[in-house]
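Asks: Output the structure for:
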Amino acid sequence: MNKVILIGNLTRDPELTETSGGVKICRFAIAVNRNYSGADGERKTDFFNCVAWRGLGETVARYTKKGTKVCVSGSIELRNYEDSQGVKRTGVDIVAQDVEFLTPRGGDDFGYDAPASSNGGSQRSQKPQLQPFDDDSDIPF
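Replies: Numbers count the residues shown, from 1 in each chain. Alright, predicted model coming up:
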């Protein structure tokens with residue numbers, strides 16, 4: 001079984017391209033903190049290159065940017081290639097099967113979306129306000 005689940009932040013904006021056959025591919029990288037600190041007391045971070053295909057790739061490219069926290073689940077893929085000097089190399093990619101966005105939309109802690117205005121921009125929506133409640137009525141119990 002080849003299954004990996006990672007939670008981390010994008011290290012750069014995603015890059016959406018197309019294969020010669022017209023299939024969309026999105027490449028992005030995430031930084032994942034380790035659960036422990038090193039001997040120097042610093043937490044170590046691992047960096048993973050990720051690939052998302054077709055609709056998932058388009059969605060990642062549209063809704064994420066550098067710094068976005070995501071959960072990527074998928075598989076590890078090794079690829080062999082030859083660099084420009086003719087040296088054989090091995091690359092490791094995480095092929096995403098699912099990407100969950102963990103950073104709240106709109107930038108606030110509550111995830112309220114800003115509705116689109118008629119001029120194509122967006123305005124910040126107000127958070128719901130509590131309404132007064134008349135509790136002077138008779139309670140049936």
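
Asks: From now on I want contacts and neighbour counts done on CA atoms only, so please keep to that.
Replies: OK.

Asks: Could you find the closest non-adjacent residue to the residue positioned nearest the centre of the chain?
Replies: With distances taken as C-alpha atoms, centre = their mean, Val70 lies nearest the centre of the chain, 3.2 Å away. Take Val70 and drop its neighbours on the chain: the residue closest to it by C-alpha to C-alpha, 6 or more residues apart in numbering is Phe101, 4.7 Å away.

Asks: Equivalent analysis for Ala29, please.
Replies: In space, and not counting its chain neighbours, Ala29 is closest to Asn49: 4.4 Å by C-alpha to C-alpha, 6+ apart.

Asks: residue boundaries of the helices in the protein?
Replies: Remark: helices assigned in the chain by DSSP state H are 54-63.

Asks: tell me, how many neighbours does Ile76 end up with?
Replies: 15 (other C-alpha atoms under 10 Å).

Asks: If you could redo that for Cys50, that was the one I meant.
Replies: Counted with other C-alpha under 10 Å, Cys50 comes out at 22.

Asks: Let me see the contact set for it.
Replies: The contact partners of Cys50, by C-alpha atoms under 8 Å, 6 or more residues apart in numbering, come to 27-30, 93-96.

Asks: Verify the stated contact: the residue nearest to the centre of the chain with Ile5.
Replies: No - using C-alpha atoms under 8 Å as the test, Val70 is too far from Ile5 to be in contact (10.5 Å).

Asks: so where's the protein uncertain?
Replies: 106-141 (pLDDT under 70).

Asks: again, only using 90
Replies: Across the chain, residues meeting the criterion (pLDDT under 90) sit at 35-43, 103-141.

Asks: Take the contacts of Cys50 and keep only those in strands.
Replies: 27-30, 93-96 (DSSP state E).

Asks: Thank you, goodbye.
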